[in-house]
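Trainee: fold the following.
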Amino acid sequence: MQKRRLAAIMFSDIVGYASLLKEDEKKAYEARRLNQRIHRRLIKKFKGQSLKEMGTGILASFNSNVDAVMCAVAIQHASDALNLQLRIGIHQGDVIFEKKDVLGDGVNMASRIQNSLGSGGIAISEKVYSDLKNKEGLIIEYQGEETLKGIDIPVGLYRVSCDEGHLPDYSVDTGELVRSFTFSRTVLFVGILLIGMLVYMLYFFFQEKIKKQLEPQRSILVLPFDNFTGSDTLEYFTAGMHDALIGEIGKIGALQVKSKKTAYAYKNVDKSVPEIASELGVNVVIEGSVLCIGDSVCLQVRMVDTEDAEKQLWAHDFKVERSHIQNLYSHVTMNLSDEINVILSPNDEKRLSENRLVDPVAYDLYMKGLVYNDQMSEDALQRAAQYFKLANEQDPTWAPPYMGMASVLERQYQMGFIDRSYAMPRLSEYIDRAIDLDPNSSWVYNLRGSKAAWFEWNWVDGEQDFLKSIELNPNHAGNHAFYAGLLSILRRTEEAIEHAEIAEELDPLNPFILGICASVYIDAGECQKAMDMVEKAISIEPNHYFTYPIMIEAAKCMKDYKKAFEVMKEINLSYWERFGITEQLENKFLEEGWPGLQKELIRIDEEQRPDAGPMDNLNKAGRYISIGEYDKALHYLELIYDAHSPNLPSISRNRLYNRMQDNPKYITLLKKMNLPVE
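Mentor: Presented below is the predicted three-dimensional model:
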């Protein structure tokens, strides 16, 4: 349902952010974080509403032109105090709020005014000026008429600033001092102030929760493509095209795009578009048909009404030479953005307008590699590596095969299929080469973040790389899920939940993502939510390798040890039967409960596998922790430390830290791994 009203629209952006990223990534990320917090607090303070973020750009609306301009002045001064330079454009116009999006000339005009500023400052349109010309303290200078991009009629613009005597209060909690403030009151005043702050924080927290649910945003589902080429053997290629288009659209920060795995859950499902849209909460559904794959690639794209499946809102046919297939995804994204009135950032426009060529043979081999890389078995990963290697040999100057080879190595090492001495040098080589060839790939920073965090225990670099991957593709569920996992290891629980929620929202039907998120909720003590998520994951894919161990942890979190035993028995039954210990373990659990079962498993392991590898040693350590024998657990954890197991950082999670934080050996081990000890 549309809601139309007159509103003052403010659009702001950071000046020179791309240059800052090149000079100092860490400083750039911190600048962006502070800028977001300044905007959130001051927009709220001046009775505005945050609408959405587009890269480093922030869009907000106000009922009053005066409130919008005074908020802009406050934001500019708060940002100046932190050495952040902003461009801010303000226009009053008719705005349409439709489902989760905001549309209209007011939005476009504010964005164009902001873009016109160049070096920074605040500019307003004639409509806004008419309400401000007599506002005391404001300094307003007429800049003349300018022809703005995409606007046919020249627009009169005014520069705005404010004299020192009339500056609005721009102090906000950014974690740094913005404006000095001294206290010389009594203890009673301090007490009242603290109570007031607590009330405000609680109010702000709940308001932010509500506001987050109401923020307008285009939410998109790209349904799996129909293969109308006449060849079933090309199914891998059409699936790869679908994945690539989702990745391209997902780079647009103004959009929310459901991930590939969730989209594929609706392949060959007897459900209407309105039913699917309702289930996922999306307001844009895209269908595609691949019509030809040969020397050229032909794709028909359609946007379907989410309330009337028979109503086609937009359709377009695309045909490119096979070597131009990457440009195909850019063309579709630009056309779709225009159709749904999404404002592209300058960086998005530049990226989408670039001409990108690819060797058709290398592209085909790479697509085949992706199919096997997703299967995660030892044999499938070996086949994926072969295809990526052949693609790389075909075109050594193309980045994706290097990322593919790096991804295979990470998975092989994580799952214990290869050792560290083989994996690490090759992993570094492939990632470095990929970044040299494509420094704007979200995937390569995700790979480098995983390597830094879990393989090198370099938490600072790992976090920066995950943040970079999110910046480059905010719609990739894996970027948020992996970052949530890192934050959980660092015991930054609230932040971890925030990114887990985003990951789940982007990919709600992906068992792997659900498993990671469930693990985060276990660390947060939200046991039932974790169990619900992992049960959902298993209902989607009953034999998924990743979910059952997490279900055991969720059951233990709920103190439902009967369920934990049933799941443990299910995943270990073949092993138990091979050694004839099933009945013995069942009786032990019935007689002595979970601790008795763990003691019996320890005894059996010590007899049958005294020289276990890192994964088994981690299991042994976990069993000793279950029965409170922490020093014995630390013996096995030290062995894993010496082997530099990528699974060892999990010992820092709340579920173990809360039990062992008083053990000196445990704290020493955390310090050796540069993990937090408080």
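
Trainee: what's the spacing between stretch 75-95 and its chain's center?
Mentor: 26 Å (C-alpha atoms, centre = their mean, to the nearest Å).

Trainee: I misspoke; the intended subject was stretch 349-358.
Mentor: Distance of stretch 349-358 from its chain centroid, counting by C-alpha atoms, centre = their mean, is 24 Å.

Trainee: which residues touch that stretch?
Mentor: Contacts of stretch 349-358 from elsewhere in the structure, counted by C-beta atoms under 8 Å, 6 or more residues apart in numbering, are 251, 323-327, 330, 333-334, 344, 395, 398, 440. The C-beta positions use only the backbone N, C-alpha and C, and glycine is treated the same way.

Trainee: mind redoing it with 6 Å?
Mentor: Stretch 349-358 has contacts (C-beta atoms under 6 Å, 6 or more residues apart in numbering) with 323, 326-327, 330, 333-334.

Trainee: what's the first helix or strand after the host helix or strand of A68?
Mentor: Assigned by DSSP states H and E, A68 belongs to helix 65-81. Later in the chain than helix 65-81, the nearest helix or strand by DSSP H and E is strand 86-98.

Trainee: after the helix or strand of the chain with the lowest mean pLDDT comes which helix or strand?
Mentor: Here the helix or strand of the chain ranked lowest by mean pLDDT, DSSP states H and E is helix 187-214, holding a mean of 45. Downstream of helix 187-214, the next assigned helix or strand under DSSP H and E is strand 218-222.

Trainee: strand partners (parallel or antiparallel) of that following strand?
Mentor: Using DSSP bridges, strand 218-222 pairs in its sheet with strand 255-257 (parallel), strand 284-293 (parallel).

Trainee: low-confidence ranges in the stretch 101-250 of the chain?
Mentor: Within the stretch 101-250 of the chain, the segments meeting pLDDT under 70 span 101-102, 150, 172-217.

Trainee: before we move on, back to that, give me whichever of the strands paired with strand 218-222 is most buried.
Mentor: By mean neighbour count, with neighbours taken as mean count of other C-beta atoms under 10 Å, strand 255-257 ranks first of the strands paired with strand 218-222 at a mean of 25.

Trainee: could you dump the host helix or strand of A503 to CSV, C-alpha only?
Mentor: Assigned by DSSP H and E, A503 belongs to helix 493-506. Provided in CSV are the C-alpha atoms of helix 493-506 (Å, rounded to 0.1, in the frame of the first residue of the first chain):
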residue,chain,number,x,y,z
THR,A,493,27.7,-11.2,21.6
GLU,A,494,25.3,-8.4,20.7
GLU,A,495,27.2,-7.6,17.5
ALA,A,496,27.4,-11.2,16.6
ILE,A,497,23.6,-11.5,16.9
GLU,A,498,23.1,-8.4,14.8
HIS,A,499,25.0,-10.0,11.9
ALA,A,500,23.5,-13.4,12.4
GLU,A,501,20.0,-11.8,12.1
ILE,A,502,21.1,-10.2,8.8
ALA,A,503,22.5,-13.5,7.5
GLU,A,504,19.3,-15.3,8.4
GLU,A,505,17.1,-12.7,6.8
LEU,A,506,19.2,-12.8,3.6
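
Trainee: let me see the mean pLDDT of that helix.
Mentor: The average pLDDT for helix 493-506 rounds to 93.

Trainee: use 4 as the first number from now on
Mentor: Right, with 4 as the first residue, what we last looked at is helix 496-509.

Trainee: one step back: tell me which of the strands paired with strand 221-225 sits nearest to L509.
Mentor: The closest of the strands paired with strand 221-225 to L509 is strand 258-260. By C-beta to C-beta, the value is 7.1 Å.

Trainee: ok, residues contacting that closest one?
Mentor: For strand 258-260, contacts defined as C-beta under 6 Å, 6+ apart pick out 220-223, 252-253, 478.

Trainee: with neighbour count and distance to V69 added, can I get the residues you listed in TSV?
Mentor: TSV is the format used below for the contacts of strand 258-260 (neighbours: other C-beta atoms under 10 Å; distance: C-beta to C-beta, whole Å):
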residue	neighbour count	distance to V69
Q220	18	28
R221	24	30
S222	21	33
I223	25	36
I252	22	38
G253	26	38
N478	24	36
